[in-house]
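J.: Sequence first, predicted model second:
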Amino acid sequence: MTDQSDIDALLAEAESFSSFASSPAEPSSSPDGAAVSRPSPVPSGYARSAVASNAQVKRILSIKVPVIVQLAERTMKTQEVMEFNVGSIIEFDKRFDAELDLIVTNRRIGNGHAVKVGENFGLRISRIGHIKETIKALAG
C-alpha cells in the first residue's frame, strides 16, 4: 500500500517536472544563422529516476478512492435525527436543479449537474479544480 510519504514525494517530483517544462528555452541558432529555441537540458539523473517514478506513478494511479456526489448538507440537532422515521422528509436549502458537489477523499474537487445514464444516476461535470488541487485531494 502507498503511504503519505510516497504521495508527497511524487507531488514534489511532479512540481519539479512542471517547473522544468515551463522554464524558458535556451536560445540557440540554426546552421543558417536563424534563431532557434531549444528546450533546456534534461535534469541530471532524470532517465534513472523516470523509470522508477513511472512505476510509482502507475502504482499510485491504480489506488481506488471514494468518489462522492453530494446532494446537499445540513446541520440538525441530535433530537431531530432521532425522530427520523421511514417516510420522513428532510428539507435542504438547495434548489433541486442546483449544481452538486464532486468530492474525492472528503475534498471537493468540482461541481456538476445530475444526469440520467440509462437507468442510473450520473454527474455531468461543469467545473473541475486544477490538477494540483485534485492530486492534493487524492493525497488525503
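T.: Received the coordinates, thanks.

J.: Helices of the chain, residue ranges please.
T.: Counting by DSSP state H, the chain has helices at residues 4-21, 46-61, 78-82, 131-139.

J.: pLDDT averaged over the shortest one, what's the number?
T.: Looking back up the chat, that one is helix 78-82. Averaging pLDDT along helix 78-82 gives 97.

J.: The second one too?
T.: Model confidence over helix 46-61 averages 71 on the pLDDT scale.

J.: Please go through the protein and pick out the longest strand.
T.: Using DSSP state E to define each element, the chain has its longest strand at strand 107-117.

J.: per-domain residue ranges of the protein.
T.: The chain breaks down by automatic domain parsing into domains covering 1-23+37-63, 64-140.

J.: What lies in contact with stretch 120-137?
T.: Applying CB atoms under 8 Å, 6 or more residues apart in numbering, the external contacts of stretch 120-137 come out as 11, 14-15, 69, 99-100, 102, 104-105, 107, 109-116. Where you see a C-beta, it was placed from the backbone N, CA and C, and this is true even at glycine.

J.: returning to that earlier point: tell me, which of the domains of the chain is the model least confident about?
T.: Ranked by mean pLDDT, the domains of the chain end with domain 1-23+37-63 at the bottom, a mean of 61.
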